[in-house]
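Student: Just need the structure, nothing else, for what follows:
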Amino acid sequence: MFKKVLVANRGEIALRVIRACKELGIQTVAIHSEADAASVHVRTADEHVCVGPAESALSYRNIPNVLSAAEITGADAIHPGYGFLAENAHFAEVCESIGVKFIGPTSENIAMMGDKAKARELMIRRGIPVLPGSPGELRSESDALEAARKIGFPVIIKASAGGGGRGMRVVNKEEELVRAFQTAQAEAKSTFGNEGVYLERYFLEPRHIEVQILADERGRVVFLGERDCSIQRRYQKLVEETPSPAVDDRLRREMGRVAVEAIKAAHYRNAGTVEFLLDKDQNFYFMEVNARIQVEHPVTEMVTGIDLIKEQIRIAAGLPLAFRQQDIKLSGHSFECRINAEDPEKFTPCPGPIFRYHPPGGIGVRVDSAMEANSIVVPHYDSLIAKLITHGQDREEAMARMRRALGEFVIEGIKTTIPLHRRIFSDAEFQKGRVSTSYLERFLANHPVNPAP
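Tutor: Numbering: from 1, shown residues only. Now for the predicted structure:
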């Protein structure tokens, strides 16, 4: 087992990793920017190192500075969390070359899964169902037009190196394609340094279903159920739940089998998520593999009782999975609400000081956060400030606990998305499980905060 782990992240995920390490008896090193010097994750770690100014490119994403912090503190492993360097194949490769274990997939895994077009090609070769689309990257507008005519409109343009909804454009008719193609290419190049894009059929009212997997260094792979991540705004997830109300036992087994096959096809290691699109006829299609721990991993932990961060660390240390597929049992139901420092009406960031912070508690309630009273939400990073997770014996109990917990959660000084979550969990369509990736857009249109008189 590792002696000392450097946590190359901030906020709630950094604190989450530090806590897991402490339970495993591992010393921890927190890195931080100048803006985060007084943060909770810094105070909780055994050691801490400032790696640069507030801008993430000069601190949390500054590879030489992060590796220097590992060297001077004697860390023998680095956990990247999610975001920042978590899916940076070069960073993982450099860690491997200097003998510092990267707690995550291999650099080859990250590079392969990071290229969405190549990952899609691999799945096609293995007979895994993928969305109808172009066979690979598109080089020109004429190639895009030809592919779109074969696929049929509407289509969605996706960045090959994309993530988080960047470099994606929905095109409903042929005359819109050239402009959308050029815009997606430009955004992909500016965001990811790679202008490669490809096309897929765009389905109306689908569900976004993802399967959590763990794969050890010896090639054993298991799946831990699915998560329904359909409630999104501009491809950013807001609410997640497990199990999905649209997935029965038969479909769960089949999606799990395909997810395991996809992971084995890529010779993937550590934790990852295989993402699928589920249509109204219960057909599912591979979209991508996220080569990291996901923001929404707590809901899986709540229904399986498995600590995914600890499993990541154990796998990276060369230990085999301590359980087999038949040992994994799903118990009850779990929801997660992402609490962002945003205006819940305009979805604009709302940084600033928190004057009062009172998280909810009680049976079946978990809060993953690094906030407290007098914390300052700085404007330099993602607006996620807390994850509120509930668990119940069934979906109704988990929902009731979420409504109760959202009512208890007090954050004063800044605006947050808590009011929006309260409205969603009071919505009859949501309570019946009638959601899709277009649910939130429809909900906001039908339930304006300040309806016209």
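Student: Which residue ranges make up each domain of the protein?
Tutor: With domains defined by automatic domain parsing, the chain comprises 4-103, 132-201, 207-446.
Student: Now the terminal residues of the shortest one, how far apart.
Tutor: What it means is domain 132-201. End-to-end distance for domain 132-201: 5 Å, by C-alpha to C-alpha, to the nearest Å.
Student: The first one now?
Tutor: Terminal residues of domain 4-103 lie 12 Å apart, using C-alpha to C-alpha.
Student: what about that domain, distance to the chain center?
Tutor: Its chain's C-alpha centre and that of domain 4-103 lie 19 Å apart, by C-alpha atoms, centre = their mean, to the nearest Å.
Student: ranking the domains of the chain by mean pLDDT, which is last?
Tutor: Least confidently modelled of the domains of the chain is domain 132-201, at a mean of 87 by mean pLDDT.
Student: Residue 304 is in contact with residue 329, correct?
Tutor: Yes: if you go by C-beta atoms under 8 Å, residue 329 and residue 304 touch, sitting 7.4 Å apart. Where you see a C-beta, it was placed from the backbone N, CA and C, and this is true even at glycine.
Student: More neighbours: which of those two?
Tutor: Taking other C-beta atoms under 10 Å, residue 329 and residue 304 do not tie; residue 304 has more neighbours (20 against 9).
Student: Please, which helix or strand holds the closest residue in space to that one that isn't next to it in sequence?
Tutor: Spatial nearest neighbour of residue 304, excluding adjacent residues (C-beta to C-beta, 6 or more residues apart in numbering): residue 224 at 5.2 Å. Here residue 224, judged by DSSP states H and E, is contained in strand 221-233.
Student: among the domains of the chain, which is nearest residue 121?
Tutor: When the domains of the chain are compared by C-beta to C-beta, domain 132-201 sits nearest residue 121, at 6.0 Å.
Student: still on that earlier bit, counting by contacts, list what the strand holding residue 224 packs against.
Tutor: Packing partners of strand 221-233 (3 or more C-beta pairs under 8 Å, 6 or more residues apart in numbering; DSSP states H and E): strand 207-215, strand 236-242, helix 249-265, helix 297-304, helix 439-446.
Student: so where do the strands sit in the stretch 351-453 of the chain?
Tutor: 352-353, 356-358, 365-369, 376-377, 384-392, 410-412 (DSSP state E, counting those that start in this stretch).
Student: follow-up on the earlier one: of all the helices and strands packed on strand 221-233, which lies closest to residue 195?
Tutor: Using C-beta to C-beta and comparing the helices and strands packed on strand 221-233, the one that lies nearest residue 195 is strand 236-242, at 22.6 Å.
Student: Which residues does that closest one contact?
Tutor: Strand 236-242 is contacted by residues 164-165, 208, 225-229, 231-232, 295-296, 299-300, 302-303, 330, 333-338, 395, 398, 417, 420-421, 424, 440 when judged by C-beta atoms under 8 Å, 6 or more residues apart in numbering.
Student: what do you get if the cut-off is 6 Å, keeping everything else the same?
Tutor: 225, 227-229, 231, 296, 299-300, 303, 334-338 (C-beta atoms under 6 Å, 6 or more residues apart in numbering).
Student: next one: stretch 9-26
Tutor: Contacts for stretch 9-26 (C-beta under 6 Å, 6+ apart): 2, 5, 7, 28, 36, 41, 44-45, 79, 81-82, 84, 309-310, 368-370.
Student: again with stretch 324-332
Tutor: With contacts defined as C-beta under 6 Å, 6+ apart, stretch 324-332 is touched by 222, 224, 225, 303, 391, 392, 393.
Student: Specify the beta-bridge partners of residue 214.
Tutor: residue 222, residue 271 (DSSP bridges).
Student: State the distance from it to residue 306.
Tutor: With distances taken as C-beta to C-beta, to the nearest Å, residue 214 is found 8 Å from residue 306.
Student: Those two - which one has more neighbours?
Tutor: Taking neighbours as other C-beta under 10 Å, residue 214 and residue 306 compare with residue 214 leading, 23 against 18.
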